[in-house]
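# A predicted structure for the sequence below; I have some questions about it.
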Protein chains: 2
Amino acid sequence: MTEAVSRPTLEAVAARAGVSRATVSRVVNGGDGVREPLVERVRRAVEELGYVPNQAARSLVTRRHDAVAVVIAEPETRVFADPFFALQLRGISKELTAHDSQLVLLLTEGPEDYARVGRYLAGGHVDGALVFSLHLDDPLPGLIRGAGVPTVFGGRPGWGDGPRGDGPTVYVDSDNRGGARDAVRHLVGLGRTRVAHITGPLDQTSAVDRLDGFRDVMVDADPRLIVEGDFTPAGGERAMRVLLDRCPEVDAVFAANDLSASGALRVLRERGRRVPEDVAVVGFDDMLPVAEGADPPLTTVRQDIEEMGRLMARLLLRGLDRRGRDEAAHPGPGEGLGGAPSSVVLPTTLVRRASA
Amino acid sequence: MTEAVSRPTLEAVAARAGVSRATVSRVVNGGDGVREPLVERVRRAVEELGYVPNQAARSLVTRRHDAVAVVIAEPETRVFADPFFALQLRGISKELTAHDSQLVLLLTEGPEDYARVGRYLAGGHVDGALVFSLHLDDPLPGLIRGAGVPTVFGGRPGWGDGPRGDGPTVYVDSDNRGGARDAVRHLVGLGRTRVAHITGPLDQTSAVDRLDGFRDVMVDADPRLIVEGDFTPAGGERAMRVLLDRCPEVDAVFAANDLSASGALRVLRERGRRVPEDVAVVGFDDMLPVAEGADPPLTTVRQDIEEMGRLMARLLLRGLDRRGRDEAAHPGPGEGLGGAPSSVVLPTTLVRRASA
DNA sequence: GGCCGGCCTGAGAGCGCTCCCCGATCGGGT
DNA sequence: ACCCGATCGGGGAGCGCTCTCAGGCCGGCC
């Protein structure tokens, strides 16, 4: 708890360097259009005085904040039990840092917080928002679009892919459906014929997409082989018990995530089924401590979570840039022909371990 | 990606309500000293116009930002593999939200980021900082103190408890040592005589404190019963193997965290030792998916991580408040007689499950 | 050698808000 | 009913910065 000291202003630097405020400003902001000797002199003055620009003053006039809000809306405690968001945050952080932007974290505990978040975003305190909304019926995305803040979503939002309101919805997601297909195909390739699926909570698009992927391969799967889980180990256990009771001859399980797979594994062990000999199990996420630490280690579908975060940030920043200088950019990944960012779906890879 | 609209100013609200800017300002900032009918009129104007104060303009004059930086310095990937920070963040977020403060997240990937963080903090963009520095030799805390920003640390910093530089170091930590004592006493109470300890990385104060707690109880423990781990399952496995090789008659293990305990558990199973019959195992953290999901479920030491976060934020905000109006506050927890915040060590509780 | 053009530099006007200070206003006391 | 004190409202300055604009300097070209 130390007193803050009064910091030098642009004016002070200008005086010290013997130039005008404007020149110092130019140097501080890149130095274009200032001749080398002056640049040098100003740089030195900045250094000596330990000058740091006052962001508030700067924002006041530029109307930019070099800050992005990250909104994590998750009513359930579950979220924080897995490293998913942490990894995304890290990816986001890296990308933002590289662009000298700050990360303002907005966590909501429930719908009662939504108004606050909406107000904050609408308040123009940040240049854009990265929003994680996992539930189909979540009002938050709508609220945010209403705030008129450039936004990129993490995970496919519930309303589908198409445009809605003004402008297309931009999101970054893993190829949940494709990954699920790969997982199930792998099981089928192993010669398994009674492949079951423990789903995630079906109010989340990722769970729905994984189920769709399962169905893509198991076109006429016995509906009794599909049991709803909730992405938790306990849910996995419950589902596995149901599965075993309903259909004892099941010889493979595709669990919608590693956590439920670990629960399934435990029940299988408890019931004396060998994995993978009697029942092959595949998870999803490649959540390391869980997947690698499982017994046996879990074959699973890996998604590059950190990269998702990085990409979200990149897409947002790119969109932000475009508003300033509207020259045609070189379309990169996640950028349509017009240069406007478009959604990106990242590939997944199957990681083979012992369980299948 | 929607265009932002130009937002109404104080002036506009004033015009609409038929009062002066100052009056609107007063109402917006609490409404003291304005008569009820006027307050009402202003409130309505604010509502109708959807006015939100421009934080940049406000900060420019008040020199307050209503924002706190959360610095998470963790060179290792490990951090994000556990929900520790996520839970703290949540506690912090709740508390900050209640005080209308924003949370600016600063993640560092390594020492190369420290200068950036130092510059940001010194730049006076935030009112204070909450810093997680886990390593004894981390230069970051010093750097931050140098920046002259009010700071509360998460976890006891490496340089010990005493004051250093200007003002005391304020931190919030779990009672790692006491918790460790409880864990070991529990094992001893079970009649175990050859109690081993798998430590955490000893460049972290939490690991050191837990080791100290172990030693407090096992005063003349066979040094061969203490093996250094690294808070990971793999480290726990390694350590357990060493332990079993060195000292096959070991009948209890206190692992410095749940992750290493889970590794130990796996090795014990692999070597045919029954838990808890042959070897009792206690972990630390009560990291739920790991502890509850372990086989057998882990007896462990629970710390209230979210509360730690909440307390950190509360301490910081309280310190911040004191700088404004310096009236003597009612000393609460974590507040010395002078009203200045002091460090807090939170109690831990032993959670009994099947492993010991 | 003179003139024109281009590139740098400096002066000044605010961005939206808070807060100080003074004038206005209202209530109470006699 | 009058005066005084306390309290409330309005005007204005200025927080630190950016950015436009006009002027100055230098080089090049004829």
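Structure received. Residues are numbered from 1 along each chain as shown, chains lettered A, B, ... in the order given.
# Just the helices from the stretch 51-200 of chain A, written as ranges.
Listed in chain order, the helices of the stretch 51-200 of chain A (DSSP state H, counting those that start in this stretch) span A:55-62, A:84-98, A:114-122, A:140-147, A:176-189.
# Columns distance to DNA strand D and mean neighbour count on top of those helices, output as CSV?
To be clear about C-beta, it is placed using only N, CA and C from the backbone, and glycine gets the same treatment. Listed next are the helices of the stretch 51-200 of chain A as CSV, based on distance: least, Cβ to the nearest atom of the strand, whole Å; neighbours: other Cβ atoms under 10 Å in any protein chain shown:
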stretch, distance to DNA strand D, mean neighbour count
helix A:55-62, 3, 17
helix A:84-98, 19, 22
helix A:114-122, 22, 18
helix A:140-147, 24, 19
helix A:176-189, 42, 21
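# per-stretch mean pLDDT over these, give me the minimum one.
Sorting those by mean pLDDT places helix A:140-147 lowest, at a mean of 80.
# between it and helix A:114-122, how many degrees?
40 degrees (axes from the mean of the first three to the mean of the last three Cα atoms, to 10 degrees).
# which element follows the helix or strand harbouring residue A:345 toward the C-terminus?
Assigned by DSSP states H and E, residue A:345 falls within strand A:344-346. Sequence order places strand A:348-351 as the next helix or strand after strand A:344-346, per DSSP H and E.
# For residue A:64, the count of nearby residues, please.
16 (other Cβ atoms under 10 Å in any protein chain shown).
# Tell me the spacing between it and residue A:100.
According to Cβ to Cβ, to the nearest Å, residue A:64 stands 11 Å off from residue A:100.
# just to revisit the earlier point, which strands or helices does the strand holding residue A:345 pack on?
Applying 3 or more Cβ pairs under 8 Å, 6 or more residues apart in numbering or on different chains; DSSP states H and E, one finds that strand A:344-346 makes contact with strand A:171-174, helix A:305-324.
# Pick the most buried one from those.
strand A:171-174 (a mean of 25; mean count of other Cβ atoms under 10 Å in any protein chain shown).
# taking the mean pLDDT, what do you get for it?
94.
# near chain B, anything from it?
No - using Cβ under 8 Å from any Cβ of the partner chain, strand A:171-174 never reaches chain B; the gap is at least 11.8 Å.
# contact partners of that strand?
Contact partners of strand A:171-174, identified using Cβ atoms under 8 Å, 6 or more residues apart in numbering or on different chains, comprise A:152-157, A:205-206, A:303-305, A:308, A:311-312, A:315, A:334, A:343-348.
# can we see that at 7 Å?
A:152-157, A:303, A:308, A:311-312, A:315, A:343-346, A:348 (Cβ atoms under 7 Å, 6 or more residues apart in numbering or on different chains).
# Provide the strand pairings for that strand, with the direction of each partner.
Here strand A:171-174 is paired, per DSSP bridges, with strand A:151-154 (parallel), strand A:344-346 (parallel).
# picking up where we left off before, which of the helices and strands packed on strand A:344-346 comes out lowest on mean pLDDT?
Mean pLDDT per stretch puts helix A:305-324 lowest among the helices and strands packed on strand A:344-346, at a mean of 88.
# what about that helix, near chain B?
Yes - counting by Cβ under 7 Å from any Cβ of the partner chain, chain B has neighbours in helix A:305-324: residue A:319.
# elements contacting that helix?
Packing partners of helix A:305-324 (3 or more Cβ pairs under 7 Å, 6 or more residues apart in numbering or on different chains; DSSP states H and E): helix A:84-98, strand A:128-133, strand A:151-154, strand A:171-174, strand A:344-346.
# Mind checking the helices of the stretch 51-200 of chain A for the one nearest to residue B:243?
Residue B:243 lies closest to helix A:84-98 among the helices of the stretch 51-200 of chain A, at 31.0 Å (Cβ to Cβ).
# can I get the CA coordinates of that closest one in PDB?
In PDB, the C-alpha atoms belonging to helix A:84-98 read as follows (Å, rounded to 0.1, in the frame of the first residue of the first chain):
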ATOM      1  CA  PHE A  84     -11.100 -24.800 -20.500                       C
ATOM      2  CA  PHE A  85     -11.600 -21.100 -19.900                       C
ATOM      3  CA  ALA A  86      -8.200 -20.700 -18.300                       C
ATOM      4  CA  LEU A  87      -6.600 -21.900 -21.500                       C
ATOM      5  CA  GLN A  88      -8.800 -19.800 -23.700                       C
ATOM      6  CA  LEU A  89      -8.000 -16.800 -21.500                       C
ATOM      7  CA  ARG A  90      -4.400 -17.500 -21.900                       C
ATOM      8  CA  GLY A  91      -4.700 -17.500 -25.700                       C
ATOM      9  CA  ILE A  92      -6.700 -14.400 -25.600                       C
ATOM     10  CA  SER A  93      -4.300 -12.700 -23.300                       C
ATOM     11  CA  LYS A  94      -1.300 -13.500 -25.600                       C
ATOM     12  CA  GLU A  95      -3.000 -12.100 -28.600                       C
ATOM     13  CA  LEU A  96      -4.300  -9.000 -26.800                       C
ATOM     14  CA  THR A  97      -0.900  -8.300 -25.300                       C
ATOM     15  CA  ALA A  98       0.700  -8.400 -28.700                       C
END
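# mind checking how far it is from the chain centre?
A distance of 9 Å separates the centroid of the chain from that of helix A:84-98, by Cα atoms, centre = their mean, to the nearest Å.
# Lovely, talk soon.
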